[in-house]
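*Asks:* The sequence isn't on hand, but the structure is:
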């Protein structure tokens, strides 16, 4: 059934948990780009051992905001400081609701005077657009939807090259020494005869750049990068492999947007249509609560505590000032016990009623848009696991989790419950199964040592 807006959909479902738990879509889609160019194991190895080329041109929403109040708009909504934000810089923009819980995050590019580009999953862009349209700001927005929603043609292409040989690839592609750009700063370079904006970035802790420009230049720039990187082992990364990068870098990409409760958010829920991400997204996993607020996360849960600056007024400031003074849960990596994972796979090869564990897809195991698995210590809940997959580089099944401080010490053994209650929800990505306990060891986030040590090189 279709609904005019999110608020109407919630009322029809009875509560937000039922709406999202029974959604018929699966995990977040990474469209258009080939699933695999070689195989996902070698594609994962490329960013650790050689050079990987990611095509990010299709799966993210771009919101271009321009006008004299553009910076004020982002400052009013973001927990970040904007005091020293300048043209040719970027930052991870984090927006919260009035209770200090995260609505969404995205990368904010300062393109030119009074001109910005917000790039990421839809929730942050939706919230910014709503406030722009209803807040009386002197600015305008141009929205560039994901390829799945606009027949594959975007305003801009967006690539990343990452890995130990990315530097050599960039020098060959530009015909000069690689640009000496500080982390999350930008510069214009020439590749394949075209001007390209280059953001210094390290998605998996390796040297790298994010490259973007007009859509019509994309093929030529990609071809030039592939030619330049041939002798350095460059590999194109497909859509099956790309979403596993955040497992090693420690970024949780799918917090549940904290918008489903509160009178302050009701006008926004009425603004969001029946086809917006927040209405259609699916909730999955072994963590169950009838209270949607139990799925909300704070910036501190997500490791964004250093981003929160109380040097400006923004939505959620008063709540975050109180939260900041309290103990916080910690973002960690959970390393799943290999024997327990193998036991789940082994259940696929033995006949018997109701003894099949939930299938663990590789390399990314998410089967819903918003994955939430419960984590236990001595059968008591101590946290949430939110993003799961396999890294060939570490030969491990891992997940990103938010754990109570008392149980987040490195090396601590916890138990994660894999699979849904009662044989599973009616989502088409969920077969009938039984839940399986999986032992998991607490490890740092980021998990990859190179990401922890060198994630923010000068």
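*Replies:* Perfect, I can see it now. These numbers were taken from a predicted model, which means no experiment stands behind them.
*Asks:* contacting residues around residue 277?
*Replies:* Each residue near residue 277 by CB atoms under 8 Å, 6 or more residues apart in numbering is listed here: 121, 122, 123, 126, 257, 369. (Each C-beta comes from the backbone N, C-alpha and C, glycine too.)
*Asks:* ok, now with 7 Å
*Replies:* Counting by CB atoms under 7 Å, 6 or more residues apart in numbering, residue 277 touches 122, 123.
*Asks:* Quick check: residue 198 is in a strand.
*Replies:* Yes: assigned with DSSP: H, G, I helix; E, B strand; the rest coil, residue 198 falls within a strand.
*Asks:* is it in a bridge, and if so with what?
*Replies:* Counting by DSSP bridges, residue 198 forms beta bridges with residue 187, residue 211.
*Asks:* confidence score at it?
*Replies:* Looking at residue 198, its pLDDT reads 97.
*Asks:* Tell me, how many residues neighbour it?
*Replies:* Residues within reach of residue 198, counting by other CB atoms under 10 Å, total 22.
*Asks:* Renumber starting at 629 from here on
*Replies:* I'll keep to 629 as the first residue from here, and by that count the last item is residue 826.
*Asks:* Verify the contact between it and residue 812 for me.
*Replies:* No: Residue 826 sits out of contact with residue 812 when judged by CB atoms under 7 Å, with a separation of 11.7 Å.
*Asks:* Check the secondary structure at residue 747 for me.
*Replies:* Residue 747 is classified as strand under three-state DSSP.
*Asks:* need the contact list for it.
*Replies:* Counting by CB under 7 Å, 6+ apart, residue 747 makes contact with 688, 690, 734, 735, 737.
*Asks:* what do you get for residue 1033?
*Replies:* Per CB under 7 Å, 6+ apart, neighbours of residue 1033: 955, 956, 957, 958.
*Asks:* Give me the buried subset of those.
*Replies:* 956, 957, 958 (16 or more other CB atoms under 10 Å).
*Asks:* need the contact list for the spatially most central residue of the chain.
*Replies:* For the chain, residue 881 is the residue whose C-alpha lies nearest the centre (CA atoms, centre = their mean; 2.0 Å). Listed by CB under 7 Å, 6+ apart, the contact set of residue 881 reads 749, 874, 1015.
*Asks:* What is the nearest of the residues you listed to residue 842?
*Replies:* The closest of the contacts of residue 881 to residue 842 turns out to be residue 749 (CB to CB; 23.2 Å).
*Asks:* What's opposite residue 724 in the beta bridge?
*Replies:* Beta-bridge partners recorded for residue 724 (DSSP bridges): residue 730.
*Asks:* Count residues in the vicinity of it, would you?
*Replies:* Residues lying near residue 724 (other CB under 10 Å) number 29.
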